[in-house]
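Participant: Structure here, sequence nowhere to be found:
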């Protein structure tokens, strides 16, 4: 039986997976910096009583000037000082956040040396995530379809 006239993916599996990693950035699912619900760091104890913030598990805490993010309030933990592992580039592959989202439930996104947004575990429910996962699943199926059964023995 003859095979298809072209590759099932239209390219190599490696090239397809690389495109999925590079073309879908984490910024697609992030909340932009201008839309973040922030609170003053010096008054972080008030967050639990603030009805506007009850839906948020992480609340960025801003400095006294109201400009820079100085810390983060994490529900159930309290005030948490900023650490390197809380940041990632805004153009980082979406898949890189998905791989670690169960351990690091949020990240601040950096663009031009400043915070451009925030991505959280709840953002995993957004459409671009489904698109990436569906594409990866389809690619695996296409690669498996293209395998020669004689080579699988």
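Facilitator: That came through, no problem. Computed from a predicted model, the values in this text were never measured in an experiment.
Participant: what about the helices in this protein?
Facilitator: 13-23, 94-100, 127-145 (DSSP state H).
Participant: give me the low-pLDDT residue ranges for the chain?
Facilitator: 1-13, 16-17, 19-22, 146-153 (pLDDT under 70).
Participant: mind checking which of the helices of the chain is nearest residue 59?
Facilitator: helix 94-100 (19.4 Å; CB to CB). All C-beta spots, glycine's among them, are computed from the backbone N, C-alpha and C.
Participant: name the helices or strands packed onto that closest one?
Facilitator: helix 13-23, helix 127-145 (3 or more CB pairs under 8 Å, 6 or more residues apart in numbering; DSSP states H and E).
Participant: Out of those, the one nearest residue 93 is which?
Facilitator: helix 13-23 (4.4 Å).
Participant: residues of stretch 102-115 that come out buried?
Facilitator: 106-110, 115 (16 or more other CB atoms under 10 Å).
Participant: now for the residues you listed, which pair is the farthest apart?
Facilitator: So, these by CB to CB: farthest apart are 106 and 110, at 13.6 Å.
Participant: Contacts only, for residue 79.
Facilitator: By CB atoms under 8 Å, 6 or more residues apart in numbering, residue 79 lies in contact with 41, 44, 61, 71-73.
Participant: Residue 37: neighbour count?
Facilitator: The number of residues packed near residue 37 is 15, by other CB atoms under 10 Å.
Participant: That one touches residue 59, doesn't it?
Facilitator: Yes - Residue 37 is within contact range of residue 59, at 6.4 Å (criterion: CB atoms under 8 Å).
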